[in-house]
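**Student:** Provided below for reference: sequence and predicted model.
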Amino acid sequence: QVRLVESGGGSVLAGDSLRLSCTASGPALSSYVLGWLRQAPGKEREFVAAISWTEGSPWYTDAMKGRFTIARDIAKNTVFLQMNRLEPEDTAVYYCAAKRVGVGRIQTPVNYDQWGQGTQVTVSS
């Protein structure tokens with residue numbers, strides 16, 4: 001079982017940047033895709049970005065392309081989400097999650113079976 005611990009959330013102004021970190025531990029990380037998903041108040045959880053642990057291939061939802069960048073540091077067992085030009089609509093709890101390779105679509109939250117505790121991101125106008 002993979003354990004995920006997020007950090008880096010906070011309160012910022014529109015246009016600012018934040019970097020979220022997710023430290024992963026557990027066996028066979030190479031069998032997983034690690035992703036960032038978010039849930040805003042009153043809304044369903046949605047996919048933001050993901051990265052293959054072995055190949056480093058990234059996936060993004062179209063709305064975040066160009067503003068958000070996902071990366072991983074294998075030596076530190078950490079996945080990062082760099083968020084630039086933040087908007088009030090980005091306010092949400094951001095979760096790091098792990099999905100087994102080959103199990104379902106990367107963009108579908110229900111396919112992720114390991115989750116961190118979440119970190120709050122608040123963007124004010």
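**Tutor:** Sure thing, it's come through.
**Student:** Which residue ranges of the protein form strands?
**Tutor:** Secondary structure of the chain (DSSP state E): strands at 3-7, 10-13, 18-25, 32-39, 46-52, 58-60, 68-73, 78-83, 92-100, 114-115, 119-124.
**Student:** Of these, which is nearest Thr108?
**Tutor:** Smallest distance to Thr108 across these (CB to CB): 7.2 Å, for strand 46-52. The way it works is simple: take the backbone N, C-alpha and C, and place the C-beta from them, glycine included.
**Student:** avg pLDDT for the closest one?
**Tutor:** Strand 46-52 shows a mean pLDDT of 97.
**Student:** Return the set of buried residues in that strand.
**Tutor:** Neighbour-count burial for strand 46-52 flags 47-52 (criterion: 16 or more other CB atoms under 10 Å).
**Student:** what does stretch 82-92 give?
**Tutor:** For stretch 82-92, the neighbour count (16+ other CB under 10 Å) marks 83, 86, 90-92 as buried.
**Student:** just to revisit the earlier point, put together CSV for the buried residues of strand 46-52, with distance to Ser31 on each row.
**Tutor:** Converted to CSV, the buried residues of strand 46-52 look like this (distance: CB to CB, whole Å):
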residue, distance to Ser31
Phe47, 20
Val48, 21
Ala49, 19
Ala50, 14
Ile51, 14
Ser52, 11
